[in-house]
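J.: pasting the sequence and the predicted coordinates here, then a few questions.
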Amino acid sequence: MILSRKIASIHESATIAISTEAKKLKAQGIKVYDFSIGEPDFPLAEEMFSTGVKALKENFIKYTPASGISELKIAIAKKLHDENNIPCSEKNITVTNGAKQALYNAFLAILNPGDEVIIPRPYWVSYLEQVKLCDGVPIIAETDHFQIKADFIAKKITKKTKVILINSPCNPTGSVIEAEELKKIAELAVKKDLFIISDEIYEKIIYEKKHLSIASLNKEMFSRTITINGFSKTYGITGLRVGYACADENIIKLMNSIQGHTTSNASSIAQKMALAALTIPEKRIQTWVQEFQEKRDLLCKKIKEMNLPLLTPSGAFYVLVKIPIKTIDSISFCRQLLQEQHVACVPGEAFGEEGSFRISYACSKKDIQEGLEKIQLFLKKISKK
Ligand SMILES: Cc1ncc(COP(=O)(O)O)c(C=O)c1O
């Protein structure tokens, strides 16, 4: 039987693959230092918990509109308007099963076969595969010490370019696009008549810098940008699957149509919980961010003590570290590290950055301390080979 050639050419998500292996070890009762998955470890906020329970008690378990419940879309539009300075309303919002689906629906809604999407490297694992699934062509742009640069993007523009994808703060590097650079990228998009897909899922997990949404720069940029965001990272509800996109009404209509024919709405209960998430005071969110910052500082200190080269991340909860040994590829490095030391990291190859590995520090400080010692032991051992 011939199966889909297109799907057969898609790579499995490396992050999910390694965290599945880590979970198997954990199921055998083995202590694993799991730095693989981007999943905050803090408990569910009381507002979300009680709202979820109430929604269940009230039997809020039926289909909702495919684009999400009106209250949630209104609350998201208000948040984007007030916090991000994006001039939008309910009709510009679609609620999806995670930001991942928002991205996928966005690509489906705007790409025609052969359209090129410029993706700066290192990139999040799913961008390339999603573009390919939507019959687009991913085109990789270099970065400068992980910083996205308009000039590097400009070099990749051809007649077929349709979209520039940006992700700030970035997974896997934690880098944040500078305001000046963001403005240059916006000018480029206008000059070359391109769409922007701006993945802002880590917008609140940002340290010394400030987040700036490209859709907020002017009306023109609003009309050509699809802003992607969600609740997984800021509120630690990765499993509940609520994300959203904000864009011009005509794009949102197409995205809603796709969603209506594929998954229908995001979970009704989870949508209510997301609505509750938006009532959590900024001050409390800042205490969570403070925790992440302390973990970043601890991790970076440890990495520096190990004499590994490091570009300190300004946001998200990842560090991409260079493997100091040339004779091992990143997949073998991460496999052996997991098997021998029970430390799970993601190979850089998955992010287009061979020769490195990603550490997610969304875990306890104790795990960071102990896990890094194990990485150090492993490095000593393999450098002797
Ligand atoms: C950059 C980036 N975008 C999107 C997503 C998807 O998030 P969600 O859980 O909302 O689908 C992730 C999750 O790891 C991510 O790192």
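T.: Good, I have the coordinates.
J.: show me where the stretch 101-250 of the chain has strands.
T.: Taking DSSP state E, counting those that start in this stretch to define them, one finds strands in the stretch 101-250 of the chain at 116-120, 137-141, 161-167, 195-199, 225-230, 243-246.
J.: among the ones you listed, which comes closest to Leu338?
T.: strand 161-167 (26.3 Å; C-beta to C-beta). C-beta here means a position set from N, CA and C on the backbone, and glycine is covered the same way.
J.: check which residues of that closest one are buried.
T.: For strand 161-167, the buried set under the neighbour-count rule, 16 or more other C-beta atoms under 10 Å, comprises 161-167.
J.: can you pull out the residues in contact with it?
T.: Contacts of strand 161-167 from elsewhere in the structure, counted by C-beta atoms under 8 Å, 6 or more residues apart in numbering, are 107, 110-112, 115-120, 123-124, 127, 136, 139, 148, 153, 177, 182, 185, 188-189, 192, 194-199, 214.
J.: also within reach of the ligand: list those from those.
T.: Counting by C-beta under 6 Å from any ligand atom, the subset of those that neighbours the ligand consists of 124, 199.
J.: which among the contacts of strand 161-167 count as buried?
T.: Those of those that meet the buried threshold are 107, 110-111, 115-120, 123-124, 127, 136, 139, 148, 153, 177, 182, 185, 188-189, 194-199, 214, by 16+ other C-beta under 10 Å.
J.: does the ligand sit close to stretch 361-368?
T.: No - residues of stretch 361-368 are not located near the ligand by C-beta under 6 Å from any ligand atom, the shortest gap being 10.4 Å.
J.: span of that stretch from start to end?
T.: Distances were taken as C-alpha to C-alpha, to the nearest Å; on that basis the terminal residues of stretch 361-368 are 7 Å apart.
J.: got the contact list for Gly38?
T.: Listed by C-beta under 8 Å, 6+ apart, the contact set of Gly38 reads 15, 171, 233, 238, 316-318, 360, 362.
J.: can you tell me which of the residues you listed are buried?
T.: For the contacts of Gly38, a neighbour count by 16+ other C-beta under 10 Å gives the buried set as 15, 171, 233, 238, 316-318, 360, 362.
J.: kindly reformat those as JSON lines containing distance to Tyr63 and pLDDT.
T.: As requested, the buried ones among the contacts of Gly38 are arranged in JSON lines below (distance: C-beta to C-beta, whole Å; pLDDT from 0 to 100):
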{"residue": "Thr15", "distance to Tyr63": "31", "pLDDT": "72"}
{"residue": "Asn171", "distance to Tyr63": "32", "pLDDT": "97"}
{"residue": "Lys233", "distance to Tyr63": "27", "pLDDT": "96"}
{"residue": "Thr238", "distance to Tyr63": "23", "pLDDT": "95"}
{"residue": "Ala316", "distance to Tyr63": "34", "pLDDT": "97"}
{"residue": "Phe317", "distance to Tyr63": "34", "pLDDT": "96"}
{"residue": "Tyr318", "distance to Tyr63": "36", "pLDDT": "97"}
{"residue": "Ser360", "distance to Tyr63": "35", "pLDDT": "95"}
{"residue": "Ala362", "distance to Tyr63": "33", "pLDDT": "94"}
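J.: can I get the residues you listed in CSV with distance to Met273?
T.: Putting these into CSV (distance: C-beta to C-beta, whole Å) gives the following:
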residue, distance to Met273
Thr15, 24
Asn171, 23
Lys233, 15
Thr238, 13
Ala316, 23
Phe317, 22
Tyr318, 25
Ser360, 23
Ala362, 20
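J.: turn the strands of the stretch 101-250 of the chain into CSV, including mean pLDDT.
T.: CSV is the format used below for the strands of the stretch 101-250 of the chain (pLDDT from 0 to 100):
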stretch, mean pLDDT
strand 116-120, 98
strand 137-141, 98
strand 161-167, 98
strand 195-199, 98
strand 225-230, 98
strand 243-246, 98
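J.: mind checking which of those strands is nearest Pro87?
T.: Sorting these by C-beta to C-beta, the top spot, which is the nearest, belongs to strand 243-246 at 10.2 Å.
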